[in-house]
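Engineer: Below is the sequence, then the predicted model.
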Amino acid sequence: MLESSILEGLNPEQRRAVEITEGPLLVLAGAGSGKTRVLVHRIAYLVGVCGIPPEQILAVTFTNKAAGEMRERVEKLLGPDAHGLWVTTFHSACVRILRRDAGHLGFSRGFAIYDEDDSLSLVKEALRRHGKDPKVEDPRRLRWRIDQWKNKGWLPARAAEAAHDLESEEAADLYATYQRLLVESNALDFGDLILQTTQLFERFPEVLAHYRRRWNYVLVDEYQDTNRVQYELVRQLVSEHTNICVVGDPNQSIYAWRGANVRNIMDFEREYPDTQVVKLERNYRSTRAILEGASQVVANNETSGDLRLQAQREGGEKIRFFEAADDREEAAFVVRQILATIRREARSPRDFAIFYRTNAQSRSFEDEMLRYDVPYTIVGGMRFYERAEVKDALAYLRVALNPADAAALRRIVNAPPRGIGKTTLERADLLAQQHGVTLLEGLHRFAASGEAGRATNPIREFSMLIDDLAREVRTRTPSDAIAHVLQRTGYLKQLEADGTPEAEARLENLRELVSAAEDFSVESADPDSEPRTATELFLDQVALVSDVDGWDRRAERVSLMTVHSAKGLEFPFVYVVGLEEGIFPHAASSRDAAGLEEERRLFYVAMTRAMERLTLACARERRRYGSRTFGVPSRFLREIPESLIEGSLPREQRGAPAGEASLDYEHAQTEYDETGSEIPKGMRVRHAVFGIGTVLDVQGRGPAQKLRIRFDRVGVKTLLLRFANLEPA
DNA sequence: TCTGTAGGCGTTTTT
DNA sequence: CGCCTACAGA
């Protein structure tokens, strides 16, 4: 491997970050400064130039998407030499480690991974066992507290130690019960994946020694978003050789609410003596006004990283701003802008992204996208694997593979309805507790006791069903296993009998699940990992998917997502919407100074995604929970120097006269007025998205006028003239 | 045990 | 507003 080909195209700082291979290295990488590039080339350099065997390198990121891209790019540089390299997420890495050695901690290798829902059902169970009313105690709050403890690396004992009032003591107590329930279910929640791994390393030094010997070089991406227990995990792995390279940007720390601790990156130099620091301050992504505006905003934070970003791109336009009368107009404006830009500047829909603070805001944009026939994709929101029918199908697999999985069992014991209701389950559970057996075994014994009444037969049949599945699932491919489950359980039959559009949608989702399972391929197994069936690996993967993982940058669609999901991405045209007090910054997180600063960093992240054109929007009025609310423009807008903004910002007072404060450049209204004239049948027209077509038919008059058009590429479509943005071809 | 409906409640962001 | 839960009736 030629050294020059790996270092080629790197600027001097990037090059330094690649060449310092030994000892602790802190890379402070500003937005758009090429940090992924550095990570990729660093790995390639270690292997290709320094001759480090790839299996000695561990690179950790936060999303599978980021990991996948990094692995891909490394493989492109190294080819087959990359074999044995671990480029993965914290959570996946821990799962692989725990699959091997979780036995030490009282879990079996087949442990389940609990998502938020599963974990919540266990929290409720813990509350019940403490005789608490879930209505008074709010299980979600308790789950949240437990999660925060885990993020700090606290076991129940430590939480109890820190408790200084009755309420906290009870909560710590409940944490202990919850943890016991997890062990009984042979399950770990998200927080456990990391926490239990650190426990494993702490209590079993020979296990830790194994991995210490293995990984001589560790790289961590997005280090500003690591929490305490992740910090601890990294420290355990590298404390001897300290070949640790972390990359991050304190200004992009946006996960404190989830337990991330910026101190990890701020104090890195103190934690690791002799740290070398590289700053990447050249921004290759954004034009000047965008970068300057974003920097000015984040400079308002009391604590901020001391990076001074320099725009490498010349020229460019100012930041745009639009104040809409209401949320509907906001959405209509943005979508029309996108259509007009696609048409006038010959751009693809994939060049555009709309970012909002909360998922709920996606709706109005989705409506407008549908209305204008703009292809779009929504990242996040209701995730595919969170749909009830999908979770049900997977829960059957889980029970088949891990009969102790109580949360999965509760999900499916009566889905479809088979006469095993709440009381039956409660009595079986009691029996299980008394005998110290699993819930499934409790059901079995309940039926055998002769006290189950009319539930006796349903339970017997259910037991046989699970036995059958346990046999079948192990020997089939993931997709066959799912198909078998859906067939054998009567789940399909029930949905087919239903016949409603909702049932049809669910069937469609299940077909989608089967095909996702078909596409699943077992990656070249690591020689270090335990052998597992493909279905087990499929379940692991599903448990750890993130919102952005499914996003495809090549798809010809406009992307809609929350700002959190947008981190790490870039688009030529970015719209940041809903810039009103209470929404962005969000009311719930701007209570204290720290929360507000995180909101500001979030806005900074949103702005710095834009490459060419950044448009900010807010609405004076908004429908929320079905009623109208009036908004005040976000304080963040005023933190951008006016000279960087085209036109003027809204006045500060609420209720400024309509139109006066808003700047309607591009004149969205006239956008369709100019095509508002009559279009004769047979005319050749051009549509921004569908291309050129022939008008077949004109229906109606005035604003409701519809056109049937046969497009050369995509066939016949019916469009509302007023929104179609047609022009003569 | 199952199904329909009326109220209540929520929204921050997520591996 | 729309989803989910709790509850009443069969």
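Structural biologist: Looks like it arrived, so ask away.
Engineer: make it CA atoms for all contacts and neighbour counts henceforth
Structural biologist: Will do.
Engineer: Please verify my assumption that A:Glu639 contacts A:Ala299.
Structural biologist: No - counting by C-alpha atoms under 8 Å, A:Ala299 is not a contact partner of A:Glu639; they are 9.2 Å apart.
Engineer: Can you find the residue of the stretch 201-350 of chain A that comes nearest to DNA strand B?
Structural biologist: Nearest to DNA strand B, among the residues of the stretch 201-350 of chain A, is A:Trp257, at 5.1 Å (C-alpha to the nearest atom of the strand).
Engineer: hang on, that residue is in a helix, isn't it?
Structural biologist: Yes - under DSSP: H, G, I helix; E, B strand; the rest coil, A:Trp257 sits within a helix.
Engineer: For it, grab the count of nearby residues.
Structural biologist: 11 (other C-alpha atoms under 10 Å).
Engineer: What is the longest strand of chain A by residue count?
Structural biologist: When chain A is parsed with DSSP state E, its longest strand is strand A:610-624.
Engineer: Residues contacting that strand, please?
Structural biologist: Applying C-alpha atoms under 8 Å, 6 or more residues apart in numbering, the external contacts of strand A:610-624 come out as A:285-287, A:290, A:316-327, A:329-330, A:570-580, A:607, A:628-633, A:655.
Engineer: Please identify the pairing partners of it and their relative orientation?
Structural biologist: strand A:320-326 (parallel), strand A:571-576 (parallel), strand A:627-630 (antiparallel) (DSSP bridges).
Engineer: which bits of chain A sit near DNA strand C?
Structural biologist: Contact residues, chain A versus DNA strand C (C-alpha under 7 Å from any atom of the strand): A:Lys135, A:Arg624, A:Tyr625, A:Gly626, A:Ser627.
Engineer: Could you pull out the buried residues of the longest strand of chain A?
Structural biologist: Neighbour-count burial for strand A:610-624 flags A:610-622 (criterion: 16 or more other C-alpha atoms under 10 Å).
Engineer: Which one of the residues you listed is nearest to A:Asn509?
Structural biologist: Comparing the buried residues of strand A:610-624 against A:Asn509 with C-alpha to C-alpha picks out A:Arg622 as the nearest, at 32.6 Å.
Engineer: Identify the residue spatially nearest to the residue nearest to the spatial centre of chain A, adjacent ones excluded.
Structural biologist: Centroid check for chain A by C-alpha atoms, centre = their mean gives A:Asp547 as the closest residue, at 3.1 Å. Nearest-residue entry for A:Asp547: A:Gly380, 4.7 Å, with adjacent residues in sequence omitted and distances by C-alpha to C-alpha, 6 or more residues apart in numbering.
Engineer: again with A:Leu513
Structural biologist: A:Val390 (7.0 Å).
Engineer: Work out the gap between the helix or strand harbouring A:Arg96 and the centre of the chain.
Structural biologist: For A:Arg96, the enclosing helix or strand under DSSP states H and E is helix A:90-101. Centroid separation for helix A:90-101 versus its chain: 20 Å, with C-alpha atoms, centre = their mean, to the nearest Å.
Engineer: That helix - contacts with which helices or strands?
Structural biologist: helix A:190-203 (3 or more C-alpha pairs under 8 Å, 6 or more residues apart in numbering; DSSP states H and E).
Engineer: The residue in chain A positioned nearest to DNA strand C: neighbour count?
Structural biologist: For chain A, the residue closest to DNA strand C is A:Gly626, as judged by C-alpha to the nearest atom of the strand, at 3.2 Å. Counted with other C-alpha under 10 Å, residues neighbouring A:Gly626 total 7.
Engineer: And it, what's its pLDDT?
Structural biologist: The model reports A:Gly626 with a pLDDT of 76.
Engineer: what about the spatially closest residue to A:Gly103 that is not a sequence neighbour, helix or strand, and which?
Structural biologist: Residue nearest to A:Gly103 in three dimensions, not counting chain neighbours: A:Arg109, with 6.6 Å by C-alpha to C-alpha, 6+ apart. According to DSSP H and E, A:Arg109 maps onto no helix or strand at all.
Engineer: just A:Val27 next, same as before
Structural biologist: Using DSSP H and E, A:Val27 falls in strand A:25-29.
Engineer: and the next helix or strand after that strand with strand A:25-29, angle?
Structural biologist: Counting by DSSP H and E, the next helix or strand C-terminal to strand A:25-29 is helix A:35-48. Here helix A:35-48 points in a direction 150 degrees away from that of strand A:25-29 (axes from the mean of the first three to the mean of the last three C-alpha atoms, to 10 degrees).
Engineer: Can you name the residues of the stretch 151-300 of chain A that neighbour DNA strand B?
Structural biologist: A:Phe190, A:Gly191, A:Trp257, A:Arg258.
Engineer: And the furthest pair within the residues you listed?
Structural biologist: A:Phe190 and A:Trp257, at 15.5 Å, using C-alpha to C-alpha across those.
Engineer: any chance of the residues of chain A next to DNA strand C in a markdown table, plus distance to A:Ser239?
Structural biologist: Output for the residues of chain A next to DNA strand C, formatted as a markdown table (distance: C-alpha to C-alpha, whole Å):
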| residue | distance to A:Ser239 |
| --- | --- |
| A:Lys135 | 46 |
| A:Arg624 | 51 |
| A:Tyr625 | 52 |
| A:Gly626 | 55 |
| A:Ser627 | 56 |
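Engineer: So which other helices or strands are in contact with the helix or strand encompassing A:Val123?
Structural biologist: Under the criterion of DSSP H and E, A:Val123 resides in helix A:116-129. Contacts defined by 3+ C-alpha pairs under 8 Å, 6+ apart place helix A:116-129 against helix A:134-137, helix A:139-152, helix A:166-184, helix A:406-412.
Engineer: Please repeat the previous calculation with a cut-off of 6 Å.
Structural biologist: Judged by 3 or more C-alpha pairs under 6 Å, 6 or more residues apart in numbering; DSSP states H and E, helix A:116-129 is in contact with helix A:166-184.
Engineer: Send me the helix it packs on as CSV with only the CA atoms.
Structural biologist: Coordinates of each C-alpha in helix A:166-184 appear next as CSV, following Å, rounded to 0.1, in the frame of the first residue of the first chain:
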residue,chain,number,x,y,z
LEU,A,166,-37.7,8.6,50.6
GLU,A,167,-38.7,9.0,47.0
SER,A,168,-35.3,8.4,45.6
GLU,A,169,-34.8,5.4,47.9
GLU,A,170,-38.0,3.9,46.5
ALA,A,171,-36.9,4.6,43.0
ALA,A,172,-33.6,2.9,43.6
ASP,A,173,-35.5,0.0,45.1
LEU,A,174,-37.6,-0.3,42.0
TYR,A,175,-34.5,-0.1,39.9
ALA,A,176,-33.2,-3.2,41.7
THR,A,177,-36.5,-5.0,41.1
TYR,A,178,-36.5,-4.0,37.4
GLN,A,179,-33.0,-5.3,37.1
ARG,A,180,-34.0,-8.6,38.7
LEU,A,181,-36.9,-8.9,36.2
LEU,A,182,-34.4,-8.3,33.3
VAL,A,183,-32.2,-11.2,34.5
GLU,A,184,-35.3,-13.4,34.9
